[in-house]
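Chemist: Sequence first, then the predicted structure:
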Amino acid sequence: MSHASSTSRGVHAFAVATAIATLLLIAVGGLVTSKGAGMAVPDWPTSYGYNMFALPIHLWTGGALYEHTHRLWASVVGLMVVALTRWLGGRASRKPLAWIGAAELLAGLLMVTLWPSLRGTGFFLSGIGGVVLLAALVWIRNDAASHGLVRLGWIVFVLVQVQGLLGGLRVVLFKDQLGIFHAALAQVFFVLLCIIALFTSRTWRRHVSHQSSPLEQGAVGMPVRAGSRASRFAILATTVLIFIQLLIGATMRHQHAGLAIWDFPLAHGELWPATDPESVLRYNQQRVEISSANPITPFQIHLHMAHRFMAVVILAAVVYCAGTLWRSRRLGESSHFAARCSAVWLGLILAQVGLGIATVLTHKAADVATAHVVVGVLSLATGALLCIFTFRSLAFSMRAPFLPGDARRFTGRSGVTAGASQR
Amino acid sequence: MKMTSLLVLAAGLAAGVATAAEISGTVTLNGNPPAEKAITPLKDDPNCGKLHSSVPTTKFYVVGADKGLADVVVMLKNVSGKSTGASAKPVVLDQKGCIYTPQILAVQTGQKLLVKNSDPALHNVHTKPGAGSANKEENRAQMQGGPDLPFTFAASENFLKFQCDVHPWMFAWVTVVDHPYFAVTDKDGKFAIKDVPAGKYTVTALHRKAAPTGLDKEVEVSDAAAKVDFVLEVK
């Protein structure tokens, strides 16, 4: 086993571990909202006045248990992402990491000292800055990955910090809208980590670096027949629809109004529920909520119906995409792989529909609603990866990062790589 | 001269006392309210569950024997800017058995509301004014045995929510009024608003579920007590 291949397996394993850690973080974050515990810890980045990492165990109680666990796990994910960025960026990333870390540390200390209203943000920035500086100090002289992967590494490096800041500011600024944005960005962040995991995988390297069936010869062995042009755009459109659906779901959850409609398949006994003031008053009169839910409004009822309608559209779209890819599965290894992925995608969407129905019928049981969030983000990630797999035109270099004999060093210049001429 | 002044003063005082009367009445509920639900998350909580021998239930419709409805805020509607809250006695909202007690209350603008933690548990006291309210959203931790937390509200608002996010089944609603002429019905649905100056008023009855925007009635207050009853409907 060559050093390059063991290193590439190492970074792939770490990328997968970071993606899984992020999925767990999204699950815990989902549980925080499902349990109505988003504001259980009023201060940030401290917790009940304690350093977040030193909160006494007897205070990990009720909603605080979920919110505090979410914050701690977010710190772990943050550390992993900084480490991933350093690994992908190679030794050439030490200098930019050092500059960024020092700048964040200084900015954080200035905020703490000069602007009392920004103390929380200041402590957060200085903490992050310290961690980034430590990453810069890691002296292992590893080579950088491909341009595309290095760039993705820097993007998730920025996003994880933005996410941390958003989560904290949502609490101290009392902004539910930030909560919605925090949830949406989490989905994008997870998808990017999955893309990094894909690009560092043996499967991807196999498809990029060698040519199998003559039908699959093309730009650097890219899968030219994994789906027709129409099906590729259908996969892209469906993935976009899934993201919109996740935004609708996040908006619904952050209304903190519980279930606006609690029967299925009808909606308040109708195909389309009445939303006149008398009907809405009747719904609120008849609802017996246990958690501190806000009253139902017509907007929430319309949002809920839009979510149900979109679910049907997405299901039909995924059935179409999966059917098309399945029919072309015998064209080669890439097509077969794409077909199998689409089958997984269809399975996830079917599970998601079931979980959505269960969320309604269980009156939004926290574990069911949280599972619905997790399967939702997995559906989005699967669609995104399928898009990448079936499309050829991407901005980043598709070369495998650690091919044996690859002596190319990251110079910071965008340039043509040895294989790019074959695109 | 001195005697005349004293007589005039006495007459004035007597007139004042005579023209402040009481508005009393009963609020009843028609219709079939939904059954209350057991607060199972409370019983499942390791700190809160041990404080109750049986599972507490929600209390959205507290209906007495003669259909009297408790927890209705009754107040004069077309009166404002007469708050005596700054000098009024503080109102206490307690957290006991991981439940807010009372769940519905009313205070004046500027009146102190003290939130007490009588539980062997941590709570957070999170006020959630409605959209567009001038009252400020606040969120404060309150440790076991911690000091009472004072709150005051500058703007009138119906059903300003208090919630605990550590124990998400805990909530209370505080109606903030900018005058002293209000009452909350008791377990039999009865209320009495005292010392109302003579005049014609709109009295409104607010119940969080049955009448969240209020049911209005006109009343005239003279030197005798006025009576006004309300019938709220659940559809």
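Modeler: Done, it's in. Numbers count the residues shown, from 1 in each chain, chains lettered A, B, ... in the order given.
Chemist: What does the pLDDT read for A:A395?
Modeler: pLDDT for A:A395: 34.
Chemist: Then the one 3 residues further on?
Modeler: Looking at A:M398, its pLDDT is 41.
Chemist: Using the three-state scheme, assign B:V196.
Modeler: Here B:V196 takes the strand state, with states given by DSSP: H, G, I helix; E, B strand; the rest coil.
Chemist: That one contacts B:V74, doesn't it?
Modeler: No. With contacts counted by Cβ atoms under 8 Å, B:V196 stays clear of B:V74, the gap being 11.6 Å. Any C-beta I mention is one placed from the backbone N, CA and C, and that applies to glycine too.
Chemist: what's the following helix or strand after the host helix or strand of A:H68?
Modeler: Assigned by DSSP states H and E, A:H68 falls within helix A:63-89. Remark: after helix A:63-89, the chain's next helix or strand is helix A:94-114, criterion DSSP H and E.
Chemist: isn't A:F264 right up against A:H363?
Modeler: No. Between A:F264 and A:H363 there is no contact under Cβ under 8 Å: 11.4 Å.
Chemist: So which of the two has more stuff around it?
Modeler: Each of A:F264 and A:H363 has its neighbours counted (other Cβ atoms under 10 Å in any protein chain shown); A:H363 has more, 16 against 13.
Chemist: how about the nearest residue to A:A384 once chain neighbours are set aside, secondary structure?
Modeler: Excluding its sequence neighbours, the residue lying closest to A:A384 (Cβ to Cβ, 6 or more residues apart in numbering or on different chains) is A:V191, at 4.7 Å. Of the three states, A:V191 takes helix according to three-state DSSP.
Chemist: count of residues packed around A:V191?
Modeler: Here the number of neighbours of A:V191 (other Cβ under 10 Å) works out to 21.
Chemist: show me the contacts for it.
Modeler: Counting by Cβ atoms under 8 Å, 6 or more residues apart in numbering or on different chains, A:V191 touches A:L380, A:A381, A:A384.
Chemist: Out of these, flag the one nearest to chain B.
Modeler: The closest of those to chain B turns out to be A:L380 (Cβ to the nearest Cβ; 27.9 Å).
Chemist: That closest one and A:A184 touch, don't they?
Modeler: No. Counting by Cβ under 8 Å, no contact exists between A:L380 and A:A184, whose distance comes to 10.5 Å.
Chemist: about what we covered before: state the pLDDT value of the residue nearest to A:A384.
Modeler: Looking at A:V191, its pLDDT reads 98.
Chemist: How about the contacts made by the closest residue to B:Q111 other than its chain neighbours?
Modeler: Nearest residue to B:Q111, sequence neighbours excluded (Cβ to Cβ, 6+ apart): B:G85, at 3.2 Å. Shown in contact with B:G85 (Cβ under 8 Å, 6+ apart): B:V107, B:Q108, B:T109, B:G110, B:Q111, B:K112, B:T152.
Chemist: wait, what's in contact with the closest residue to A:G63 other than its chain neighbours?
Modeler: Excluding the flanking residues, the one nearest A:G63 by Cβ to Cβ, 6+ apart is A:A37, at 2.9 Å. For A:A37, the contact set (Cβ under 8 Å, 6+ apart) comprises A:L31, A:G62, A:G63, A:A64, A:Y66, A:E67, B:D165, B:V166, B:P168.
Chemist: cool, and A:F190?
Modeler: Per Cβ under 8 Å, 6+ apart, neighbours of A:F190: A:A19, A:T22, A:L23, A:I26, A:V377, A:L380, A:A381.
Chemist: Nearest residue to the last one in space, please, no chain neighbours.
Modeler: With sequence-adjacent residues excluded and distances taken as Cβ to Cβ, 6+ apart, A:A381 is closest to A:C194, at 4.5 Å.
Chemist: next one: the third one
Modeler: The shortest distance from A:L23 to any residue that is not its chain neighbour, by Cβ to Cβ, 6+ apart, is 6.4 Å, and that residue is A:F190.
Chemist: just the first one next, same as before
Modeler: Once its chain neighbours are removed from consideration, A:A19 has its nearest residue in A:L193; the separation is 4.2 Å (Cβ to Cβ, 6+ apart).
Chemist: My guess is that neighbour contacts A:F14. True?
Modeler: No. The criterion here is Cβ under 8 Å, and A:L193 misses it with A:F14 at 10.7 Å.
Chemist: who's more crowded, the two?
Modeler: Shown here are A:L193 and A:F14; by other Cβ under 10 Å, A:L193 has more neighbours (28 against 18).
Chemist: Tell me how far the more buried one lies from chain B.
Modeler: 29 Å (Cβ to the nearest Cβ, to the nearest Å).
Chemist: Next, the contact list for B:H126, please.
Modeler: A:M39, A:P42, B:E137, B:E138, B:N139, B:R140, B:F162, B:Q163, B:C164, B:D165.
Chemist: I'd say B:S222 and B:E22 touch.
Modeler: No. Using Cβ under 8 Å, B:S222 makes no contact with B:E22, being 11.7 Å away.
Chemist: quick one: low-confidence parts of chain A?
Modeler: For chain A, the stretches with pLDDT under 70 are A:1-7, A:208-227, A:292, A:392-423.
Chemist: And the helices in it, which stretches?
Modeler: Along chain A, counting by DSSP state H, helices occupy A:3-34, A:63-89, A:94-114, A:119-137, A:147-172, A:176-199, A:202-209, A:229-253, A:277-286, A:298-327, A:333-361, A:366-390.
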